[in-house]
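Asker: Sharing a model prediction with you, sequence too.
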Amino acid sequence: MNGKSASGPKKVHETMDLYASLPYFPYLDTRDLFAEAGPYGFMDGVPQQYLTRRDNRMAGELLPLYINWWQLKIIRDRSRQIARNNEFAIAAINARNYVVGTGFTYAVQARTDGSSNELIKRTQDLVDLFVEHNRMAELESEVIYRLHSDGECFLRSFKGEDGLLRVRFVEPELVRPPADDTTPASSFGIKCADEDIHHVVGYWIIEKPWENLTPTLVPADQILHLKLNSESNSKRGLPTIYAVESNLRAAEDVLQSMIAVAKARSKIAVIRKVNDSPPEAINALTQTAADYTVTDPVQGRATTINHMGYGSILTSTGNVEYDFPAMNIGAADLVETLSANLRAIAARFGITETMMSTDASNNNYASALVAEAPAVKTFERMQRMIGQAVGERRTRPERALIWQQITHAVNIGMLPRDVLDQVVIRAKGPQLVARDYDREAQTAKTYMDMGLWSPQTITAESGKNFEEEQRNIAKAKEEMASRDFELSQKYKKPNDEQQTELPESIQEIDGVDEALTPDELAQFNAILAKMPKRSSAAQKEKAAQKRAIDRLKKSGDQFRSIIKNAERMIANAPKGVEPTEARSILANAKSNLAGIEAELKKLQAKETQEASDKLSEKIKLLMDEGYEQKQAVAIALSMQRRGEL
């Protein structure tokens with residue numbers, strides 16, 4: 001170095017070993033250690049390992065924030081302190097309640113059609129027991145907390161004598177490399193395979209720090225490592241709080257300042273000025289109101305301390321002027337400053353300002369839990385991470401906790417090996433968006449009638465599996481048919497098949513004052529059996545007319561749905577934007593609906609008139625043949641109900 005001794009950050013670069021203890025003070029921010037010239041922000045020259053680390057895929061650092069586990073510990077400790085003491089940080093992390101809620105549900109489903117229902121049930125019972133035993137809802141919530149405060153979390157599974165795995169957290173401070181292993185493959189306590197940082201072989205963990213600080217290599221299939229806010233080539237994560245540490249402290253300071261200003265304004269109620277009074281008298285009055293006096297031992301200056309209560313009155317001479325700078329500070333300005341700071345913090349966490357301040361006055365689109373809102377996307381990504389880590393991921397070495405339990409159950413004989421190929425795990429978190437199920441169902445029906453959606457798509461949109469639901473529907477129909485048959489046999493009347501139902505409408509016909517007697521009923525049945533049936537041509541005409549009416553009704557329902565959606569589009573259109581296309585669709589749909597309703601009324605009126613004419617004609621013919629009016633009406637009504645007119 002040209003015979004000159006280095007100083008400042010340059011000296012740190014020259015003297016600091018990469019895996020040795022890094023001095024923290026006087027550097028208040030670890031990023032100061034990298035504030036030097038060079039191609040990557042590093043100091044050129046010694047030691048060369050800093051320059052080579054930048055391109056080394058195996059080192060696992062997160063530049064320019066930390067390059068070894070000690071620097072990461074400093075960042076983590078600072079973030080933990082804020083996470084536990086700063087009210088705004090606590091509120092931001094508590095947004096995890098949206099992600100976890102009361103806990104995920106983990107459902108065992110068939111992977112193929114040939115999967116055994118009994119095997120699925122046994123596996124589901126084991127999964128439920130594993131989730132309950134490890135209090136998975138609390139574990140999931142703590143995972144989110146640690147990801148924000150620590151940037152990562154380590155979960156280790158231990159085998160129990162009862163066949164269940166015990167899941168426990170490993171503190172990140174205990175994951176670090178051995179002192180004699182400074183190879184990049186073991187950096188940050190995570191041992192990777194040669195030339196592949198994504199292939200984790202094991203984790204160096206200090207298992208009993210109260211006895212020995214030497215780490216032990218634990219196989220990767222016993223550890224589940226989740227990290228946040230770092231690239232895939234970085235072995236460890238970064239606390240979410242770290243990037244907004246200054247914002248969180250400033251928000252707390254602004255809040256305390258607002259409280260202090262409010263307290264000062266409320267304590268001094270009146271300033272009483274006394275004119276033409278000697279200063280000695282005012283000083284004597286002030287001394288009597290003083291609580292105590294503090295004397296500077298160096299300068300000998302005395303300072304009077306007076307603790308003022310709320311609504312205190314000050315007394316001074318007329319020659320003294322008082323200026324209150326806080327009176328010029330508007331409360332609205334401080335609130336806006338605090339809100340701007342909270343918005344920056346919320347943006348870092350991917351949530352809304354409302355979730356931190358509990359103030360819903362600024363609850364616009366970005367602050368609402370709708371499907372496309374930024375906060376919802378953040379929560380869905382976190383839910384996906386938790387669901388994969390706990391339940392769904394099947395592959396090693398980062399196999400999900402539930403699959404670790406299933407694999408262990410197979411190895412000890414609790415489950416057959418076929419379960420590994422026949423089932424899948426589906427994790428589901430709490431619902432994030434307030435859904436309108438009636439509107440979604442109507443929209444799905446409209447799309448299916450228009451030929452745009454299939455039943456499989458609609459089932460998938462509802463979060464269900466089509467094949468599984470079809471099996472459930474078929475099974476439910478079988479059970480219902482069996483139950484109905486049992487009830488019919490239980491309550492069947494003697495000779496029920498020989499009883500003939502009297503048409504209820506017969507009592508409403510003019511001229512019929514009483515029901516048929518048993519003898520008249522027997523005669524009526526005998527006559528009805530001899531009556532000619534309606535011709536096949538008439539039946540076809542009747543069926544065609546019914547199909548036409550049904551088609552018109554379905555088309556009317558479709559256009560009503562289109563009208564409803566178009567009106568919603570018009571109502572929700574942004575200000576200043578004319579929804580021309582929606583208005584055109586609305587006008588065309590209303591015109592088509594009016595035509596359909598007019599045609600439907602014509603067909604229904606025609607159908608009603610034809611039925612009435614045929615009924616009257618049949619009654620007249622029967623009476624002309626010698627039947628009494630009561631018999632003729634009963635026969636005609638029965639034929640009409642049976643579709644034989």
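Answerer: Alright, I've got the coordinates.
Asker: Helices of the stretch 401-550 of the chain, start to end?
Answerer: Counting by DSSP state H, counting those that start in this stretch, one finds helices in the stretch 401-550 of the chain at the ranges 401-411, 419-422, 437-449, 455-461, 466-490, 518-530, 536-571.
Asker: With adjacent residues omitted, what lies nearest to Pro579?
Answerer: Spatial nearest neighbour of Pro579, chain neighbours left out: Ala573 (4.3 Å); criterion: Cβ to Cβ, 6 or more residues apart in numbering. C-beta: built from backbone N, CA, C; applies to glycine.
Asker: Looking at the helices of the stretch 401-550 of the chain, which is nearest to Thr337?
Answerer: helix 536-571 (36.2 Å; Cβ to Cβ).
Asker: Domain map for the protein?
Answerer: Following automatic domain parsing, one gets these domains for the chain: 276-317, 505-641.
Asker: Roughly how far does Leu155 sit from Leu226?
Answerer: According to Cβ to Cβ, to the nearest Å, Leu155 stands 8 Å off from Leu226.
Asker: any common contacting residues for the two?
Answerer: Each of Val143 lies in contact with both Leu155 and Leu226 under the rule Cβ atoms under 8 Å, 6 or more residues apart in numbering.
Asker: thinking again about what came up before, tell me if the residue nearest to Pro579 really is in a strand.
Answerer: No: counting by DSSP: H, G, I helix; E, B strand; the rest coil, Ala573 is located in no strand; its state is coil.
Asker: how much space between it and Ala566?
Answerer: According to Cβ to Cβ, Ala573 and Ala566 sit 11 Å apart.
Asker: Other residues contacting the lengthiest strand in the chain?
Answerer: If you go by DSSP state E, the chain has its longest strand at strand 196-205. Under the criterion Cβ under 8 Å, 6+ apart, residues 57-58, 60, 154, 156, 170, 174-178, 181, 186, 189-193, 215-220, 223, 225, 232-233, 235, 397-398 lie in contact with strand 196-205.
Asker: let's go with 6 Å and repeat that
Answerer: 57-58, 174-175, 177, 189-193, 215, 217-220, 223, 233, 397 (Cβ atoms under 6 Å, 6 or more residues apart in numbering).
Asker: After it, which helix or strand is next?
Answerer: strand 216-219 (DSSP states H and E).
Asker: Check which element follows that next one along the chain.
Answerer: Using DSSP H and E, the next helix or strand after strand 216-219 towards the C-terminus is strand 223-227.
Asker: Run the angle between that following strand and helix 401-411 for me.
Answerer: Orientation of strand 223-227 against helix 401-411 (axes from the mean of the first three to the mean of the last three Cα atoms, to 10 degrees) gives an angle of 170 degrees.
Asker: Could you look up the next helix or strand downstream of strand 223-227?
Answerer: helix 245-267.
Asker: got the CA coordinates for that following helix in CSV?
Answerer: Extracted in CSV, the C-alpha atoms of helix 245-267 (Å, rounded to 0.1, in the frame of the first residue of the first chain):
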residue,chain,number,x,y,z
GLU,A,245,-35.7,0.4,9.8
SER,A,246,-35.2,4.1,9.6
ASN,A,247,-38.9,4.6,8.5
LEU,A,248,-40.1,2.6,11.5
ARG,A,249,-38.0,4.6,13.9
ALA,A,250,-39.1,7.9,12.3
ALA,A,251,-42.7,6.9,12.5
GLU,A,252,-42.4,6.3,16.2
ASP,A,253,-40.6,9.6,16.6
VAL,A,254,-43.3,11.5,14.7
LEU,A,255,-46.0,9.9,16.8
GLN,A,256,-44.2,10.8,20.1
SER,A,257,-43.7,14.4,18.8
MET,A,258,-47.4,14.7,18.1
ILE,A,259,-48.2,13.5,21.6
ALA,A,260,-45.7,15.9,23.1
VAL,A,261,-47.1,18.9,21.2
ALA,A,262,-50.6,18.0,22.3
LYS,A,263,-49.5,17.7,25.9
ALA,A,264,-47.7,21.1,25.8
ARG,A,265,-50.7,22.8,24.3
SER,A,266,-53.0,21.4,26.9
LYS,A,267,-50.8,22.2,29.9
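Asker: Could you name the helices and strands sitting against it?
Answerer: For helix 245-267, the packing partners by 3 or more Cβ pairs under 6 Å, 6 or more residues apart in numbering; DSSP states H and E come out as helix 87-93, helix 331-349.
Asker: what does the first one rub up against?
Answerer: The contact list for helix 87-93 (Cβ under 6 Å, 6+ apart) reads Ile82, Ala83, Tyr145, His148, Ile241, Leu248, Ala251, Phe349, Met356.
Asker: Most neighbours among these, please name it.
Answerer: Highest neighbour count within these, by other Cβ atoms under 10 Å: Ile241, with 29 neighbours.
Asker: so who does that one touch?
Answerer: Going by Cβ under 6 Å, 6+ apart, Ile241 touches Ser79, Ile82, Ala83, Ala89.
Asker: what does stretch 408-423 rub up against?
Answerer: Val108, Arg111, Ser115, Leu119, Thr123, Leu126, Gly163, Leu165.
Asker: Inside helices: which ones of those residues?
Answerer: If you go by DSSP state H, these have Leu119, Thr123, Leu126 in helices.
Asker: and the first one, how many neighbours does it have?
Answerer: Yep, that's Leu119 we're talking about. Per other Cβ under 10 Å, the neighbour tally for Leu119 reads 17.
Asker: if we can go back for a sec, could you check how many residues crowd around the residue nearest to Pro579?
Answerer: Residues lying near Ala573 (other Cβ under 10 Å) number 14.
Asker: any idea how far it is from Gly114?
Answerer: 52 Å.
Asker: just Phe466 next, same as before
Answerer: On the measure of Cβ to Cβ, Phe466 and Gly114 end up 17 Å apart.
Asker: Pick out whichever of the two has more residues nearby.
Answerer: Phe466 (15 against 7).
Asker: Would you confirm that the more buried one contacts Gln456?
Answerer: Yes: contact criterion Cβ atoms under 6 Å: Phe466 and Gln456 qualify, at 4.5 Å.
Asker: Name the helix or strand for Thr182, please.
Answerer: Assessed by DSSP H and E, Thr182 sits outside every helix and strand.
Asker: what separates the residue nearest to Pro579 from Arg583, distance-wise?
Answerer: Distance from Ala573 to Arg583, by Cβ to Cβ: 10 Å.
Asker: Check Asp550 too.
Answerer: Distance of Asp550 to Arg583, given as Cβ to Cβ: 31 Å.
Asker: Same drill for the two, tell me which one is more crowded.
Answerer: Taking other Cβ under 10 Å, Asp550 and Arg583 do not tie; Arg583 has more neighbours (15 against 10).
Asker: Do you know the pLDDT at that one?
Answerer: We note a pLDDT of 80 for Arg583 in this prediction.
Asker: Hmm, Ala582 is touching Asn565, no?
Answerer: No: if you go by Cβ under 6 Å, Ala582 and Asn565 don't touch, sitting 8.7 Å apart.
Asker: which SS state does Val167 fall under?
Answerer: Assignment for Val167 (three-state DSSP): strand.
Asker: For the contacts of helix 87-93, which two are the farthest from each other?
Answerer: Tyr145 and Ala251 (19.8 Å).
Asker: just to revisit the earlier point, can you list the ones in helices among the contacts of stretch 408-423 in CSV and add distance to Glu380 and pLDDT?
Answerer: Listed next are the ones in helices among the contacts of stretch 408-423 as CSV, based on distance: Cβ to Cβ, whole Å; pLDDT from 0 to 100:
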residue, distance to Glu380, pLDDT
Leu119, 31, 89
Thr123, 27, 92
Leu126, 28, 93
